[in-house]
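Peer 1: A predicted structure for the sequence below; I have some questions about it.
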Amino acid sequence: MARPQMPEGLYVSVSQVKSFLMCPRKYELHYILREEPAFVPVALAFGSAIHAALAAHYGAIKATGELLRRDLVLDVFRDEWAKAVEGPVPLQSDEDDDESSMDQIVDKGVSMLHAFSEYAGKMGKPDVESVEQSFAVSIYDPATGEVFEEQLVGAVDLIVREDGHRVIVEHKTAAKKYSLDQIRFDLQPTAYQLSARAMGLGEVGLRYQVITKTKVPAIQIAELHRDEQDEQDFLRTVGGVLRAVDAGVSYPIRGWQCRSCPYEHTCRGGAS
Amino acid sequence: MTQDEKKKVYAALAAPFPEHCIQRTEGRVTGRGYDTAGIGYQFICNRLNEVLGIGGWRAHRTVTVKGITTAKGRTAFEAICDLTLELGSWENGEFLVIAESLADGGHTSMSEADARKGAYTNALKKAAAMFGCGRQAYEGTLDDDSVPAESTFEQPQNGVTVSTLPAQPQRMAPATAATPAVLPSRPTAPSRNRLSSKQLAAIWAIGRKIGYEQSTLRTHIKTTFGVQPEFLSREQASQAIGALSKQAGNGHAEEYERQPGQEG
């Protein structure tokens, strides 16, 4: 399932912020210069296909109140994966990935979705409020109160109601279970919490639903907590990134991330 | 209350309001001849209650009303409200003030009740803004008068439409307050040079008018300035708008050059 189109204005997303924090040069090549990537990382395409399948699963519950047949969920995954494989930009594995063939990757996805279906069957049908809910909200510098021109945009995978409260659920696929640091410090849930409030959804619960790519896939459910300090930190980080971009900061950070960077081919050639 | 606590209170009061709290009026509807945008009165009260708690603030007001005659010879009412907003707490039946602000508000309406109400809400919002609550309305981010005029509003006969009066400077609580309420000064941040949303919208709009596909316009901008349109500097955006306007054969560049808050 394609993510909603971004608005035709100035915006910033958690992905942009994370991209800059990982490597300002990658941010420059991707967003400022819009260089053509040499490839689409397999992990990205794979995660998108799993997301599409899960969106179909929860979308059916919202629309009909019934679970979508498992074979149809798997079809959504296979279709999305096929689209990625046949897309204009070739897929490429991270060097850290095993040398899985495309068929093996499909098998892995099917195995993960089976594990998810088992879990979902045990949990019963959730009260689905929305699937792939996009948002665009104003953000400000916590130090000065300045409202940024850029709106914070994104899309929430799933919002469910539990005991009268809304819970934002984010699907993740990962090589292994999320670490405590990932659970504690990831920026994305903080952005969701802020955005939910700005959208009038009030205080929400936050949850990661991680499906691991391990030999025997596992489902990790992580309930997250973000407090006011986390929100201030997030806004300070976003503001810092925006100002750094304004100032032309675009130095490269060489390291492990270069191995799977789709812009490596153009990175060392100076500004395009 | 410690200085740190005051800073937190100020930050909480001064946090921007979400879009649904902003009320906008159109000059052609209100008869004022200019558009307005401001924070809704109840949202200001909500913020005060949420941050300070019930009983954590109070307002004293004096409203004066006089009858006026409109241009069409009808009777209208012009109300002025002198208001004092106090922050503090109730102790043994007494309200202990830690900070106060003074503001005047005005409103004209065909109905005396509405004139009184409008003047009061106007003054309260201005007084609250002195503590940071809803300050965006007075900083240029929004316009300063959000109270929609009644549909029956008509221009006063003297031709002067006064909806707000200059506010008094904030003064601090008397020395009897437990702690002087000194609001923290706002730290300065480096000014930003990225183009504004309006400039970007203008680039797309003029580009469409000329017949550019978005991808073609992107390529054109990148070739000319070396970056995607979203990452132009303000100066570069001005140049791009000027060049595109010239190409479009109109002289509309200036209307896109106004900065936020200059919309009038």
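Peer 2: Yes, it's here. Everything numeric here is computed off the predicted structure, so don't read it as measured data.
Peer 1: surely residue B:87 forms part of a strand?
Peer 2: Yes. Residue state for residue B:87 (DSSP: H, G, I helix; E, B strand; the rest coil) corresponds to a strand.
Peer 1: which one is residue A:239 nearest to, not counting chain neighbours?
Peer 2: Leaving aside its sequence neighbours, residue A:239 sits nearest to residue A:141 (C-beta to C-beta, 6 or more residues apart in numbering or on different chains; 4.5 Å). Yep, even glycine has a C-beta here, placed from its N, CA and C like the rest.
Peer 1: residue contacts, the one you found?
Peer 2: Listed by C-beta atoms under 8 Å, 6 or more residues apart in numbering or on different chains, the contact set of residue A:141 reads A:148, A:235-236, A:239, B:189.
Peer 1: where does pLDDT dip in the stretch 51-200 of chain A?
Peer 2: A:94-100 (pLDDT under 70).
Peer 1: try 90
Peer 2: Within the stretch 51-200 of chain A, the ranges that satisfy pLDDT under 90 run A:92-104, A:124, A:141-147.
Peer 1: contact residues of it facing chain B?
Peer 2: Within the stretch 51-200 of chain A, the residues that sit near chain B (C-beta under 8 Å from any C-beta of the partner chain) are A:137-138, A:140-147, A:149, A:197-200.
Peer 1: go through these and flag which are in helices.
Peer 2: Using DSSP state H, the subset of those located in helices is A:197-198.
Peer 1: inside strands: which ones of the residues of the stretch 51-200 of chain A next to chain B?
Peer 2: Among these, the members found in strands (DSSP state E) are A:137-138, A:140, A:147, A:149.
Peer 1: surely residue B:67 is in contact with residue B:79?
Peer 2: No. Counting by C-beta atoms under 8 Å, residue B:67 does not reach residue B:79; the two are 10.6 Å apart.
Peer 1: neighbour count winner among those two?
Peer 2: When residue B:67 and residue B:79 are compared for neighbours, residue B:79 comes out ahead with 24 against 10, by other C-beta atoms under 10 Å in any protein chain shown.
Peer 1: where's the more buried one, which helix or strand?
Peer 2: strand B:75-91 (DSSP states H and E).
Peer 1: packing partners of that strand?
Peer 2: strand B:57-69, strand B:94-109, helix B:112-130 (3 or more C-beta pairs under 8 Å, 6 or more residues apart in numbering or on different chains; DSSP states H and E).
Peer 1: deepest in the core, which of these is it.
Peer 2: helix B:112-130 (a mean of 24; mean count of other C-beta atoms under 10 Å in any protein chain shown).
Peer 1: what's the angle from that one to strand B:75-91?
Peer 2: Computed by axes from the mean of the first three to the mean of the last three C-alpha atoms, to 10 degrees, the angle separating helix B:112-130 from strand B:75-91 equals 40 degrees.
Peer 1: which elements pack onto whichever helix or strand comes after helix B:112-130?
Peer 2: For helix B:112-130, the following helix or strand on the C-terminal side (DSSP H and E) is helix B:136-139. Packing partners of helix B:136-139 (3+ C-beta pairs under 8 Å, 6+ apart): strand B:36-39, helix B:112-130.
Peer 1: burial count for the nearest residue to residue B:199 once chain neighbours are set aside?
Peer 2: Distances taken as C-beta to C-beta, 6+ apart place residue B:237 nearest to residue B:199, at 4.0 Å, with adjacent residues excluded. Around residue B:237 there are 24 other residues, counting by other C-beta under 10 Å.
Peer 1: next one: residue B:237 relative to chain A, how far apart?
Peer 2: The gap separating residue B:237 from chain A is 11 Å, by C-beta to the nearest C-beta, to the nearest Å.
Peer 1: buried set for the helix or strand that contains that residue?
Peer 2: Element membership for residue B:237, per DSSP H and E: helix B:234-248. Buried positions in helix B:234-248, judged by neighbour count with 16 or more other C-beta atoms under 10 Å in any protein chain shown: B:236-238, B:240-241, B:244-245, B:248.
Peer 1: elements contacting it?
Peer 2: helix B:197-210, helix B:214-225, helix B:253-256.
Peer 1: and the first one with helix B:234-248, angle?
Peer 2: Angle between the axes of helix B:197-210 and helix B:234-248 is 20 degrees (criterion: the same axes, to 10 degrees).
Peer 1: check which helices and strands helix B:197-210 is in contact with.
Peer 2: Applying 3+ C-beta pairs under 8 Å, 6+ apart, one finds that helix B:197-210 makes contact with helix B:214-225, helix B:234-248, helix B:253-256.
Peer 1: redo those helices as a markdown table? Include distance to residue B:133.
Peer 2: Converted to a markdown table, those look like this (distance: least, C-beta to C-beta, whole Å):
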| stretch | distance to residue B:133 |
| --- | --- |
| helix B:214-225 | 41 |
| helix B:234-248 | 30 |
| helix B:253-256 | 33 |
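Peer 1: want to try CSV for those helices, with mean pLDDT as columns?
Peer 2: As requested, these are exported to CSV (pLDDT from 0 to 100):
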stretch, mean pLDDT
helix B:214-225, 93
helix B:234-248, 91
helix B:253-256, 50
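Peer 1: quick one on the thing from earlier: just the angle between the helix holding residue B:237 and helix B:214-225, please?
Peer 2: Angle of helix B:234-248 versus helix B:214-225, following the same axes, to 10 degrees, is 120 degrees.
Peer 1: send over helix B:234-248 as PDB, restricted to the C-alpha atoms.
Peer 2: Listed next in PDB are the C-alpha coordinates belonging to helix B:234-248 (Å, rounded to 0.1, in the frame of the first residue of the first chain):
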ATOM      1  CA  ARG B 234      14.600  33.300   0.800                       C
ATOM      2  CA  GLU B 235      16.700  35.400  -1.500                       C
ATOM      3  CA  GLN B 236      16.900  32.600  -4.100                       C
ATOM      4  CA  ALA B 237      13.200  32.100  -3.900                       C
ATOM      5  CA  SER B 238      12.600  35.800  -4.500                       C
ATOM      6  CA  GLN B 239      14.800  35.600  -7.600                       C
ATOM      7  CA  ALA B 240      13.000  32.500  -8.800                       C
ATOM      8  CA  ILE B 241       9.600  34.100  -8.300                       C
ATOM      9  CA  GLY B 242      10.700  37.200 -10.000                       C
ATOM     10  CA  ALA B 243      12.000  35.300 -13.000                       C
ATOM     11  CA  LEU B 244       9.000  33.000 -13.200                       C
ATOM     12  CA  SER B 245       6.600  36.000 -12.900                       C
ATOM     13  CA  LYS B 246       8.400  37.700 -15.700                       C
ATOM     14  CA  GLN B 247       8.100  34.600 -17.800                       C
ATOM     15  CA  ALA B 248       4.400  34.400 -17.000                       C
END
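Peer 1: run the chain-centre distance for that helix.
Peer 2: Computed by C-alpha atoms, centre = their mean, to the nearest Å, the separation of helix B:234-248 from the middle of its chain amounts to 30 Å.
Peer 1: ok, stretch B:118-126 next?
Peer 2: For stretch B:118-126, the distance to the chain centre is 13 Å (C-alpha atoms, centre = their mean).
Peer 1: and the most centrally placed residue in chain B, how far from residue B:84?
Peer 2: Nearest to the mean C-alpha position of chain B, by C-alpha atoms, centre = their mean, lies residue B:137 at 1.2 Å. According to C-beta to C-beta, to the nearest Å, residue B:137 and residue B:84 sit 20 Å apart.
Peer 1: before we move on, the earlier item: quick one: buried ones out of the residues of the stretch 51-200 of chain A next to chain B?
Peer 2: Buried members of those, counted by 16+ other C-beta under 10 Å: A:137-138, A:140-142, A:145-147, A:149, A:198-199.
Peer 1: could I get these as CSV with distance to residue A:220?
Peer 2: Formatted as CSV, those follow (distance: C-beta to C-beta, whole Å):
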residue, distance to residue A:220
A:137, 29
A:138, 33
A:140, 34
A:141, 35
A:142, 32
A:145, 38
A:146, 38
A:147, 37
A:149, 38
A:198, 29
A:199, 27
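Peer 1: list the buried residues for stretch B:19-28?
Peer 2: Buried residues in stretch B:19-28 (16+ other C-beta under 10 Å): B:21-23, B:25.
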